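Peer 1: Return a 3D structure for these sequence lines:
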Amino acid sequence: MKTNYQKRIFCLLSAAILDATATSTYAVPSCNVHATITPGNQSVAAITGGAATVVTLDGSGSKITPGNVDPTSCAWAQISGSPTVTLTNANTCTASFPAPNVPSGVSLGFRLTVTGTGCIPVTVTNDTTIGISYVDVNQAPEAKISVSSAPIHQDGFIHQDDLVTLDGKGSSDPDGDTITAYSWEQIKINPTDPDVTLNGANTDTAAFTAPNPYPANGVTLKFKLTVSDGSLAGTAEKEVNVVWENEPPVAAASCPSSVDEGATFTLDGTGSTDPDDGIASYLWSQTSGGPVPTDWPIDPSTESLTLTAPSLTSPLDTMSFKLEVTDIGGLMSSDECDVKVNDITPPTAAPSQSPVANGEGWNNTDVVVDWNWIDAGVGIDNANCITTTNSSSVASGEGALTLNATCKDLAGNNGSASKDLKIDKTQPTISAAATSAPNVAGWYKSNVTVHFTCDDAISGIAGSCPDDQILSSEGAAVASTAQTVADKAGNTSDPSNVVTVKIDKTAPGITWNGGISDGGIYYFGSVPSTPTCDATDTLSGPKDCGVTGYSAALGTHTLKATAHDFADNQTVETSTYTVNAWTLNGFYQPVDMGGVWNTVKGGSTVPLKFEVFAGTTELTDVAVVDSFIIKGVTCPGGSEPTADIELTTTGGTSLRYDSVAGQFIQNWQTPKKSGACYEVTMKTDDSSHISALFKLK
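Peer 2: Take a look at the predicted model:
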């Protein structure tokens with residue numbers, strides 16, 4: 001990566017080259033190289049903290065300007081003074097060296113050379129002087145060791161158990177300084193060398209007891225003495241040889257005087273000793289006794305055994321043990337101890353009952369319990385058993401019962417036992433009831449479900465309550481079947497109550513009363529009156545019957561007869577009939593029909609003749625005519641309709657039936673209004689009508 005300065009040089013050179021096409025010369029860019037040393041000169045002591053002082057030559061402040069960029073390279077070199085030192089990182093801007101300790105001190109000169117590529121000048125230097133003062137150094141003291149022992153043997157050797165003294169009083173300091181500290185330590189030549197305890201390990205004289213070197217005939221021990229004058233230390237080492245002779249071991253068997261059944265105990269041989277070569281083996285054995293530990297090992301040749309006391313199976317309760325120890329030289333010793341096993345197990349019972357419980361664990365009579373006490377240890381104390389082996393306890397009552405009894409053995413252990421019984425001497429109950437209520441008349445119109453409810457407050461119902469019964473027969477006294485139920489103790493209930501109900505599932509019959517027949521056709525004004533109906537029922541009895549849907553109007557009508565019995569069964573029957581309109585014939589001549597315009601003189605009288613038939617029967621009563629309507633209409637080719645007018649009869653005559661001509665006649669006196677046009681309509685009571693068109697002149 002180019003530095004900022006290099007980027008500037010590149011740009012200047014590029015610009016100069018481009019400008020060379022116009023001028024044949026270009027200026028070399030200039031920059032300045034600065035060699036900076038911080039600090040400029042130094043004065044240091046040759047020794048700091050007991051070690052040579054490290055002197056740092058720091059030229060990291062050297063830069064190239066403008067731009068204040070790092071130089072291309074830095075290099076340090078020693079230029080004066082003796083001795084010549086070795087510079088660390090001499091080809092970087094920061095170097096270092098350890099100060100030499102020269103008597104009377106020394107002054108050393110160093111030069112920093114800094115290079116900046118492309119600058120004029122390219123390289124600059126800077127010098128610095130390091131003054132190093134001499135530091136007087138203390139000399140370490142010299143340690144010396146002498147050895148003595150007691151008692152002194154004829155063979156001149158140190159034996160096991162001798163008192164050995166290590167003497168460092170001969171130590172000295174070459175500077176005449178006082179030795180201020182002594183420190184003794186054992187140095188193992190071999191990992192198996194015995195350890196010794198040094199008494200006076202921080203004094204000028206230490207002592208220890210010579211160890212047993214067995215299995216070797218002897219052992220060499222090494223010791224180190226460190227002495228100090230308060231600043232520096234000196235050391236010395238010394239070997240001590242120890243020889244061996246064998247003595248017999250002493251066996252010591254330790255065991256508890258007593259232990260509870262099932263508890264762990266320890267046969268302890270750790271108290272056994274050997275004065276010299278040490279114990280080579282241990283062997284435990286049981287010499288007598290009724291009880292035997294439950295976990296006696298296959299190989300009992302250990303220093304100690306942890307065993308578990310057995311549960312007693314007889315009055316014999318003492319165990320005797322023997323320990324034999326052998327030392328490395330083959331000499332042997334033995335010791336014995338006894339352990340009494342304490343009977344802590346209370347008597348136990350194996351209760352039995354008579355009679356035995358059923359498969360559900362219940363009895364439905366009183367129960368007798370025999371406790372059957374036993375004790376595997378010292379035996380039962382019959383005088384202190386609430387219930388002896390053959391005694392009984394009688395339980396009465398009901399429900400879940402617990403009988404308790406206690407018994408003591410000859411060791412004073414209190415045993416207790418209990419026996420849970422379940423006794424139910426009470427019958428269960430069962431009742432029956434319909435799951436739904438009858439109607440207000442006391443009748444059902446569908447099957448009736450009879451549900452059984454069972455209860456037993458003590459042992460509970462065995463299995464389930466009887467299934468529901470479905471009463472499906474019809475009648476005024478349909479009865480359920482009585483049921484029984486048993487409880488878990490074997491008690492059976494009394495028969496349940498019988499449920500008696502009235503059931504009528506058959507719909508009533510219908511009898512129609514009246515003149516309208518199903519499918520009948522009637523003409524307006526001739527429809528029979530509203531019919532009635534009667535209900536019929538042979539079981540719960542008829543309750544009511546009614547007819548709806550009657551109408552004398554034109555059209556097709558449906559009558560609906562609805563009947564009920566007292567069980568609320570319903571029957572619906574329908575009957576359909578049709579009411580037809582009258583037939584109108586006319587108007588007869590002189591009036592033209594079929595959309596023809598009748599032209600008449602205004603003020604003249606026009607006879608309107610017509611007939612009315614109900615089927616083939618001609619109606620002659622003028623009451624069948626509802627009205628005549630004179631409606632003004634637009635004349636052919638006209639633009640405005642003529643105003644409506646009222647019917648006017650000639651000479652005051654009114655509508656009549658001409659029995660000779662066999663027709664109705666209505667004389668209409670036309671208005672005296674020339675050019676008016678009218679539509680004359682006759683409407684009968686059944687809303688039938690005929691119309692004719694008239695134009696006055």
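
Peer 1: so the closest residue to residue 185 other than its chain neighbours is in which element?
Peer 2: Leaving aside its chain neighbours, residue 185 sits nearest to residue 224 (5.2 Å; criterion: CB to CB, 6 or more residues apart in numbering). C-betas here are computed from N, CA, C, even on glycine. Residue 224 belongs to strand 218-228 when elements are defined using DSSP states H and E.

Peer 1: Could you list every helix and strand in contact with that strand?
Peer 2: Here strand 218-228 touches strand 181-187, strand 233-243, going by 3 or more CB pairs under 8 Å, 6 or more residues apart in numbering; DSSP states H and E.

Peer 1: on that earlier part again, what number of residues lie near the residue nearest to residue 185?
Peer 2: 15 (other CB atoms under 10 Å).

Peer 1: thought it was touching residue 182?
Peer 2: No - between residue 224 and residue 182 there is no contact under CB atoms under 8 Å: 11.4 Å.

Peer 1: Now residue 92. Nearest residue, chain neighbours left out?
Peer 2: Closest residue to residue 92 apart from its sequence neighbours, by CB to CB, 6+ apart: residue 74 at 5.9 Å.

Peer 1: Which positions within whichever strand or helix holds the one you found qualify as buried?
Peer 2: Using DSSP H and E, the element containing residue 74 is strand 73-80. Using 16 or more other CB atoms under 10 Å as the test for burial, strand 73-80 gives 74, 75, 76, 78.

Peer 1: Distance to residue 675 added to those residues, as TSV?
Peer 2: TSV is the format used below for the buried residues of strand 73-80 (distance: CB to CB, whole Å):
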residue	distance to residue 675
74	138
75	143
76	145
78	153
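
Peer 1: follow-up on the earlier one: sheet partners, orientation included, of the strand holding residue 224?
Peer 2: strand 181-187 (antiparallel), strand 233-243 (antiparallel) (DSSP bridges).

Peer 1: and of those strands, who's closest to residue 277?
Peer 2: For residue 277, the closest of the strands paired with strand 218-228 is strand 233-243, at 12.5 Å, according to CB to CB.

Peer 1: Show me which parts of that closest one are buried, residue by residue.
Peer 2: For strand 233-243, the neighbour count (16+ other CB under 10 Å) marks 234, 235, 236, 238, 240, 242, 243 as buried.

Peer 1: Okay, and the beta partners of the fifth one?
Peer 2: When bridges are called by DSSP bridges, residue 240 pairs up with residue 221.

Peer 1: before we move on, back to that, just the buried residues of strand 233-243 now: which is nearest residue 429?
Peer 2: Proximity of the buried residues of strand 233-243 to residue 429 was ranked by CB to CB; the top entry is residue 242 with 101.5 Å.

Peer 1: how much space between the residue lying closest to residue 447 once chain neighbours are set aside and residue 636?
Peer 2: Closest residue to residue 447 apart from its sequence neighbours, by CB to CB, 6+ apart: residue 472 at 4.6 Å. Remark: distance between residue 472 and residue 636 (CB to CB, to the nearest Å) = 82 Å.

Peer 1: cool, and residue 362?
Peer 2: Distance, residue 362 to residue 636, using CB to CB: 114 Å.

Peer 1: ok, back up a step: any chance of the buried residues of strand 233-243 in TSV, with pLDDT too?
Peer 2: Below are the buried residues of strand 233-243 laid out as TSV (pLDDT from 0 to 100):
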residue	pLDDT
234	86
235	90
236	85
238	86
240	91
242	88
243	83
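
Peer 1: can you list the residues you listed in a markdown table and add distance to residue 409?
Peer 2: As requested, those are exported to a markdown table (distance: CB to CB, whole Å):
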| residue | distance to residue 409 |
| --- | --- |
| 234 | 79 |
| 235 | 75 |
| 236 | 76 |
| 238 | 72 |
| 240 | 67 |
| 242 | 62 |
| 243 | 64 |
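
Peer 1: Let me know the closest of those to residue 668.
Peer 2: The closest of the buried residues of strand 233-243 to residue 668 turns out to be residue 235 (CB to CB; 166.5 Å).

Peer 1: okay, the nearest residue to the closest one once chain neighbours are set aside: pLDDT?
Peer 2: Spatially, and ignoring its direct neighbours in sequence, residue 235 is nearest to residue 226 (4.9 Å; CB to CB, 6+ apart). Looking at residue 226, its pLDDT is 95.

Peer 1: do the same with residue 614
Peer 2: Note for residue 614: predicted pLDDT of 94.

Peer 1: Enumerate the beta-bridge partners assigned to it.
Peer 2: residue 617.

Peer 1: residues touching it, list them.
Peer 2: Listed by CB atoms under 8 Å, 6 or more residues apart in numbering, the contact partners of residue 614 are 523, 524, 525, 526, 582, 583.

Peer 1: Show the buried residues in those residues.
Peer 2: Buried members of these, scored by 16+ other CB under 10 Å, are 523, 524, 525, 582.

Peer 1: Out of those, which comes closest to residue 402?
Peer 2: After measuring the buried ones among the contacts of residue 614 against residue 402 - CB to CB - the closest member comes out as residue 524, at 97.6 Å.

Peer 1: For that closest one, report the pLDDT, please.
Peer 2: Residue 524 carries a pLDDT value of 94.

Peer 1: what's around the residue lying closest to it once chain neighbours are set aside, how many residues?
Peer 2: Spatial nearest neighbour of residue 524, excluding adjacent residues (CB to CB, 6+ apart): residue 686 at 3.8 Å. Residues contacting residue 686 under the criterion other CB under 10 Å number 20.

Peer 1: still on that earlier bit, out of the helices and strands packed on strand 218-228, which is closest to residue 255?
Peer 2: With CB to CB as the measure, strand 233-243 is the member of the helices and strands packed on strand 218-228 nearest residue 255 (36.6 Å).

Peer 1: List of residues touching the closest one?
Peer 2: 140-145, 147, 155, 157-160, 162, 164, 166, 168, 171, 187, 210-211, 213, 217-228.

Peer 1: Of those, just the buried ones, ChimeraX syntax please.
Peer 2: Command for ChimeraX that selects the buried part of those, burial taken from 16+ other CB under 10 Å:
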select :140,141,143,145,158,159,160,162,164,166,168,171,210,211,213,219,221,223,225,226,227,228
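
Peer 1: Under a three-state scheme, what state does residue 307 occupy?
Peer 2: What DSSP: H, G, I helix; E, B strand; the rest coil gives for residue 307 is strand.

Peer 1: roughly how far apart are the nearest residue in space to it that is not next to it in sequence and residue 464?
Peer 2: Excluding the flanking residues, the one nearest residue 307 by CB to CB, 6+ apart is residue 293, at 4.0 Å. Note on residue 293: its distance to residue 464, by CB to CB, is 58 Å.
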